[in-house]
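Asks: task: produce atomic coordinates for the following.
(one chain, ligands or ions: 1)
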Amino acid sequence: MIVTIDGPAGSGKSTTARAAADRLGFVYLDTGAMYRAIALAFIRRDAEGTPDEARAILPDVRVDIRYRDNDMRVVLDGEDVSGTIRTAEVGNMASQISALQSVREKLLDTQRRVGREQAEKHGGVVLDGRDTGTVVFPDADVKIFMVADARERARRRLEEYQKQGEDVTFESVLREIEERDEADRTREIAPLKRADDAVELDTTSRSIDEQVGFVVNCVKAEL
Ligand code: C5P
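Replies: This is a model prediction of the structure:
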């Protein structure tokens with residue numbers, strides 16, 4: 001079974017997808033982590049994220065997904081960067097380079113291959129991202145589109161950054177989230193949008209447990 005969860009930054013996708021996968025005995029595939037890994041490769045080469053740079057950089061970059069006890073790790077050129085990619089700087093670069101066709105093409109095959117392999121091995125996979133229900137798996141069995149009020153999403157992101165010791169303010173996180181959503185929604189290739197057959201879940205005033213329960217119930221209804 002293929003389950004997709006798409007939505008804007010901070011809507012609760014990754015926490016919910018991970019927990020729902022756990023509860024169902026499925027595995028979790030975070031497609032944003034793959035864009036972040038490529039973004040890190042750009043940052044490490046002091047690149048700004050232009051199409052010309054992408055042409056030069058992408059052939060030398062390798063992004064792999066590995067599972068350790070069902071825990072997804074993202075590997076950049078042989079190095080596990082799962083922790084390193086969780087910064088605002090990498091997120092902003094990911095947003096920029098994810099609009100490039102060459103970057104999306106590079107990751108699409110891996111997302112489909114890993115998704116299918118893991119679904120076969122474990123009975124199901126839960127993907128999260130922006131286009132997993134529209135482009136990566138348009139025939140997914142269950143599609144969820146998560147939304148939440150921007151201020152609530154900024155509050156959640158701020159908490160995550162503070163836990164990692166990043167020095168950011170609520171206003172800067174809110175601005176970052178709004179800019180990122182606008183860029184993700186309005187880009188030409190694979191923009192963030194709800195698939196026609198996706199169920200919308202507003203998480204603004206829902207607990208994580210409720211969100212996970214909602215996804216698990218949607219999946220069980222299809223089993
Ligand atoms: O979800 P996360 O914040 O880790 O994603 C980082 C960026 O990667 C997003 O802002 C978005 O621009 C991009 N992305 C994407 N398509 C996906 C997942 C993420 O374009 N399926």
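
Asks: may I see the buried residues of the lengthiest helix in the chain?
Replies: Using DSSP state H, we find that the single longest helix of the chain is helix 101-122. Residues of helix 101-122 classed as buried by neighbour count (16 or more other Cβ atoms under 10 Å): 103-104, 106-108, 110-111, 114-115, 118-119, 122. No exception for glycine: its C-beta is placed from N, CA and C like everyone else's.

Asks: go ahead and confirm M34 touches V75.
Replies: No - using Cβ atoms under 8 Å, M34 is not in contact with V75, being 10.1 Å away.

Asks: what's the overlap in contacts for these two?
Replies: Any residue near both M34 and V75 by Cβ atoms under 8 Å, 6 or more residues apart in numbering counts here, and that gives 63, 65.

Asks: the more surrounded of the two?
Replies: Comparing M34 with V75 by other Cβ atoms under 10 Å, the one with more neighbours is M34, at 26 against 15.

Asks: residues touching the more buried one, list them.
Replies: When contacts are counted by Cβ under 8 Å, 6+ apart, M34 touches 63, 65, 74, 107, 110-111.

Asks: returning to what we had before: elements contacting the longest helix of the chain?
Replies: Contact analysis of helix 101-122 by 3 or more Cβ pairs under 8 Å, 6 or more residues apart in numbering; DSSP states H and E lists strand 27-30, helix 31-44, helix 51-57, strand 63-68, strand 125-129 as its packing neighbours.

Asks: can you list those in CSV and add mean pLDDT and distance to D181?
Replies: Listed next are the helices and strands packed on helix 101-122 as CSV, based on pLDDT from 0 to 100; distance: least, Cβ to Cβ, whole Å:
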stretch, mean pLDDT, distance to D181
strand 27-30, 98, 18
helix 31-44, 98, 13
helix 51-57, 97, 22
strand 63-68, 96, 24
strand 125-129, 98, 14
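
Asks: so which of those is the most surrounded?
Replies: Sort the helices and strands packed on helix 101-122 by mean neighbour count, taking mean count of other Cβ atoms under 10 Å, and strand 125-129 sits at the top with a mean of 29.

Asks: ok, that strand: who's next to it in the sheet?
Replies: Note on strand 125-129: by DSSP bridges, its sheet partners are strand 2-6 (parallel), strand 27-30 (parallel).

Asks: list phi and psi for D71.
Replies: phi -100, psi 120 (degrees, to the nearest 10).

Asks: for the helices and strands packed on helix 101-122, give me CSV that also has distance to R180.
Replies: Shown next, in CSV, are the helices and strands packed on helix 101-122 (distance: least, Cβ to Cβ, whole Å):
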stretch, distance to R180
strand 27-30, 16
helix 31-44, 11
helix 51-57, 19
strand 63-68, 20
strand 125-129, 13
